[in-house]
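Chemist: Attaching a predicted model along with its sequence, questions to come.
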Amino acid sequence: MVTISPIDSRTPWDRFAAVVTGRRSWLVALVVLILAGSAMGLIGDNDSEGKAPQSLPASADSAQVKDVLEEFPDADVAPAVLVVERVDGAPLTPADQQSVAAAQERMLAVDRSVPADTPAGPPVIMSPDGKAAISIVPVNTDLSGFELTDLVDELRSAADDGLPADLKTYVTGGPAFGADTANAFSGANTTLLAVTALVVAILLIVTYRSPTLWLIPLLVIAFADRVANSIGIWLADLTDLSFDGSTAGITSVLVFGAGTNYALLLISRYREELRAEPDHRIALRHAVRHAGPAILASNATVVLALLTLLFAVLPSTRSLGALAAAGLVVAVLFALVVLPPLLALFGTRVFWPFVPKVGDPVPTEGGVWFRIAGGVSRHPVRVLGISLTVLIACALGLAGADIGLSQTEQFRVSSDSVDGYDVLAEHFPPGQADPTTVVAKTATAEQVQVAIDNTDGVVSGTENGQSDTGWTQWSVVIDAAPGSQQAFDIIEDLRSATADVPDSEALVGGSDAEALDTQNAATTDRFVIIPLILAVVFIILIVFLRALVAPVVLVATTVLSTLAAIGVGSLISEHIFGFPALDDNVPLYAFLFLVALGIDYTMFLVIRAREETPGHGTRSAIVRAVASTGAVITSAGIVLAAVFCVLGILPLITLTQLGIIVGIGILLDTFLVRTVVIPAIFSLIGPRIWWPGNVDTQARPHSQLEPLSM
């Protein structure tokens, strides 16, 4: 039987539990829902759909180049590039070239929000092999979202209108990439929300085996997600953080995943308490009193870990940290303040047809998880050796993993801009497909020109205009494939050579420079943020467990599990899905979520073990903790893994890779680390796991287990 001690109404948690489970607790939920709904109405709708992540640090050379280019006369104009090739791959004929020129004229006739005297590029620029041609059409850079998408669609229709059937056109360039990005995210977050809710609903129905119980937590979490979405918009308005489609998607996944986990843990403890207490409000009060601190501790762990991202260099990473942390605060508020009053209001009938009753068997004294944990505790050395070998072998998958995707490799979905870019790169010199931009002070233009021309790997450097504020810009063609390491090396050499010109203030930008700056910033973030995450998690474990040995062990096992998941995920990403590399942000994001969420589950288990230790001894306590939490942690892990896998429906390769790795990691944590590794370690170390605390005052031997077998 479960032993329930009388609630001491003097403690804050006892008073809180009484408020959210009493007969008038529904008023508390109602007030929260009214305030949340009012806030959503005042803030308005989310306009993040169609926005891509902003991954360029403001301090990077390439970002500063964009600022300088604003000072040039044509700063508000960007080139849309028409690319034409024959369907049969043959060289273009003179008649084909005339068709290209006519296509450019039709595109120029479209309203592009540029002054009438804005010069266009030559009608036809032929590739060296004669098999492709390009034309330049200027477009207003102020256009974005649906306006830009509609314009690019018009340009593509104009290019194709009346074109011979044996010619194939593409529209690429900056405006086209922006339009295709917006189009790729169009409706994506709505789809993500719908699929996530469906996955959670199915898993809750399977878990609870009730036709009604699943509705309560799902509706609470869904409303919390919409509130978190509005909070994100409000934070974005108050700060310089960006709220893009990627950030919105990850935040929704976290709110649904974590919120479902909190609900599962609370309801699981509620069900357990009903086996000893016939009054459902008293049972629920005990459940909130005992599960609440663990839920809040796990939430604080993930929130504080997310807030370490505010120290990142990449703006998209900082935004994710702030907005996702805010979302999880909303999730725990709804789980602890809105969900309990609703459960109290509906009573035990929500569990129908499997309503728990006083006298039902309790999981701490038998069942599948009790037998598994008991077997692990009897053979800890053997079990631990096999488990660690598996995790280390998985982690070896990191060896040789490539990190960094180019601009054209970011999306899984096919797009006209990417296809056109690939055709352009195939038929024109590598750097001509996307020239590098150099800006420097006009007074040093001659010396900078010499530095550009003398840099190894530079094919040509053409002066491309001067500003009234004393700047000159160059269009530089380099002899390297876009996004390649060779291109990055040339960019570094070009920066070094131009920076050596005294008083030049030279800056190097363009797509390759932006990719290099993003890669460097991501590397810096990994070296800074990962230690911060580990420090935060370690401190939180010390505070909540009041021990030193246990936090060291738990952090070490979680890190090993995380490395194993990233290793396996990178192999799957490359060899099964065919992705060329891991995105720059994936290792850091995966490490953050797996460490924070892994410790999240660990705290549920170990806090329960600490609760059981004074009465049963450390080794029996960990077995009882696994037995009592095994089912709910497994259910929560499956839910969270499935929810993260839903990220794969969004068009970014980054999110697909993140879903794969985090899903694998959560399952490893759920079925291997939490069920096998941690019980084995606790069984080996025994009462010393709580040092310098003295939780296991009796240091009792196993009362229901065989002696330890090494």
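Modeler: Nice, I can see it.

Chemist: Which strand or helix spans the closest residue to residue 579 other than its chain neighbours?
Modeler: Sequence neighbours aside, residue 573 is the residue nearest to residue 579 in space, at 4.7 Å (criterion: CB to CB, 6 or more residues apart in numbering). Where C-beta positions appear, they are placed from N, C-alpha and C, glycine not excepted. When elements are assigned from DSSP states H and E, residue 573 belongs to helix 549-575.

Chemist: Quick check: buried residues in that helix?
Modeler: Within helix 549-575, the residues scored as buried using 16 or more other CB atoms under 10 Å are 549-551, 553-555, 557-574.

Chemist: And the residue nearest to residue 579, how far from residue 404?
Modeler: Distance, residue 573 to residue 404, by CB to CB, to the nearest Å: 13 Å.

Chemist: cool, residue 200 as well?
Modeler: If you measure residue 200 against residue 404 using CB to CB, the figure is 34 Å.

Chemist: so residue 337 sits right up against residue 28, yeah?
Modeler: Yes: counting by CB atoms under 8 Å, residue 337 does reach residue 28; the two are 6.3 Å apart.

Chemist: Common neighbours of these two, please.
Modeler: Common contacts of residue 337 and residue 28 (CB atoms under 8 Å, 6 or more residues apart in numbering): residue 20.

Chemist: neighbour-wise, which of residue 200 and residue 404 wins?
Modeler: residue 200 (25 against 19; other CB atoms under 10 Å).

Chemist: The more buried one and residue 221 touch, don't they?
Modeler: Yes: with contact defined as CB under 8 Å, residue 200 counts as touching residue 221 (7.2 Å).

Chemist: Quick check: neighbours shared by these two?
Modeler: 256, 260.

Chemist: Where does pLDDT dip in this protein?
Modeler: Low-confidence segments of the chain, defined by pLDDT under 70, span residues 1-10, 44-55, 184-189, 244-245, 359, 361-366, 407, 431, 433, 697-710.

Chemist: quick one, strands of the stretch 501-650 of the chain?
Modeler: Ranges of strands within the stretch 501-650 of the chain are 507-509, based on DSSP state E, counting those that start in this stretch.

Chemist: correction: the stretch 51-200 of the chain
Modeler: 77-86, 125-126, 132-140, 167-172.

Chemist: Switch the ones you listed over to TSV; also include distance to residue 590 and mean neighbour count.
Modeler: Conversion of the strands of the stretch 51-200 of the chain to TSV gives the following (distance: least, CB to CB, whole Å; neighbours: other CB atoms under 10 Å):
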stretch	distance to residue 590	mean neighbour count
strand 77-86	34	23
strand 125-126	43	16
strand 132-140	37	24
strand 167-172	31	23
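
Chemist: could you dump those strands to JSON lines with distance to residue 686?
Modeler: Output for these, formatted as JSON lines (distance: least, CB to CB, whole Å):
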{"stretch": "strand 77-86", "distance to residue 686": "67"}
{"stretch": "strand 125-126", "distance to residue 686": "76"}
{"stretch": "strand 132-140", "distance to residue 686": "70"}
{"stretch": "strand 167-172", "distance to residue 686": "65"}
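
Chemist: of all those strands, which lies closest to residue 377?
Modeler: Set against residue 377 and scored by CB to CB, those come closest in strand 167-172, at 61.9 Å.

Chemist: helices and strands around the closest one, which ones?
Modeler: Packing partners of strand 167-172 (3 or more CB pairs under 8 Å, 6 or more residues apart in numbering; DSSP states H and E): strand 77-86, helix 94-108, helix 145-160, helix 416-427.

Chemist: mind redoing it with 6 Å?
Modeler: With contacts defined as 3 or more CB pairs under 6 Å, 6 or more residues apart in numbering; DSSP states H and E, strand 167-172 has these neighbours: strand 77-86, helix 145-160, helix 416-427.

Chemist: For residue 443, find the nearest of the ones you listed.
Modeler: strand 77-86 (26.0 Å).

Chemist: what lines up beside that closest one in the sheet?
Modeler: Under the criterion DSSP bridges, strand 77-86 sits next to strand 132-140 (antiparallel), strand 167-172 (antiparallel) in its sheet.

Chemist: For the last one, what is the distance to the chain centroid?
Modeler: Between the mean C-alpha location of strand 167-172 and the chain-wide mean there is a distance of 34 Å, by CA atoms, centre = their mean, to the nearest Å.

Chemist: That strand to helix 94-108, inter-axis angle?
Modeler: 40 degrees (axes from the mean of the first three to the mean of the last three CA atoms, to 10 degrees).

Chemist: Next up, identify which helix or strand residue 317 is on.
Modeler: Applying DSSP H and E, one finds residue 317 within helix 315-333.

Chemist: Which other helices and strands does that helix contact?
Modeler: On the basis of 3+ CB pairs under 6 Å, 6+ apart, helix 315-333 makes packing contacts with helix 215-238, helix 245-274, helix 280-307.

Chemist: Next SSE downstream of it?
Modeler: With elements assigned by DSSP H and E, the helix or strand that comes after helix 315-333 is helix 339-346.

Chemist: can you list the residues that contact that following helix?
Modeler: Residues from elsewhere that reach helix 339-346 (CB atoms under 6 Å, 6 or more residues apart in numbering): 20-21, 25-26, 28-29, 216, 220, 281, 284, 288.

Chemist: Which residues in it does the neighbour count mark as buried?
Modeler: Neighbour counts over helix 339-346 (16+ other CB under 10 Å) mark 339-344 as buried.

Chemist: how far does it sit from the chain's center?
Modeler: 32 Å.

Chemist: tilt between it and helix 280-307?
Modeler: 160 degrees.

Chemist: any idea of the angle helix 339-346 forms with helix 215-238?
Modeler: Using the same axes, to 10 degrees, helix 339-346 lies at 150 degrees relative to helix 215-238.

Chemist: mind listing what's buried in the helix or strand just after helix 339-346?
Modeler: Counting by DSSP H and E, the next helix or strand C-terminal to helix 339-346 is helix 368-378. Buried positions in helix 368-378, judged by neighbour count with 16+ other CB under 10 Å: 369-370, 372-374, 376-378.

Chemist: Which SSE is immediately downstream of helix 368-378?
Modeler: Past helix 368-378, the next helix or strand by DSSP H and E is helix 380-395.

Chemist: Quick one: residues in contact with that following helix.
Modeler: In contact with helix 380-395 (CB under 6 Å, 6+ apart) are residues 376, 560, 563-564, 567-568, 672, 676-677, 680, 683-684, 710.

Chemist: Dump stretch 398-412 to CSV, restricted to CA.
Modeler: What follows is stretch 398-412, C-alpha atoms only, in CSV (Å, rounded to 0.1, in the frame of the first residue of the first chain):
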residue,chain,number,x,y,z
LEU,A,398,30.5,11.3,-34.6
ALA,A,399,33.9,10.6,-36.0
GLY,A,400,34.2,12.1,-39.4
ALA,A,401,30.8,13.8,-39.3
ASP,A,402,30.6,16.9,-41.6
ILE,A,403,29.1,20.1,-40.2
GLY,A,404,27.8,22.9,-42.3
LEU,A,405,25.2,23.2,-45.1
SER,A,406,25.4,25.8,-47.9
GLN,A,407,22.5,28.1,-48.7
THR,A,408,21.1,25.7,-51.4
GLU,A,409,21.3,22.7,-49.1
GLN,A,410,19.1,24.1,-46.3
PHE,A,411,15.7,23.0,-47.6
ARG,A,412,14.4,19.5,-48.3
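
Chemist: contacting residues around it?
Modeler: 184, 418, 421, 483, 511, 519, 567, 570, 580-584, 651, 653.

Chemist: Just the buried residues of these.
Modeler: In terms of neighbour count (16+ other CB under 10 Å), the buried residues within the contacts of stretch 398-412 are 184, 418, 421, 483, 511, 519, 567, 570, 581-584, 651, 653.
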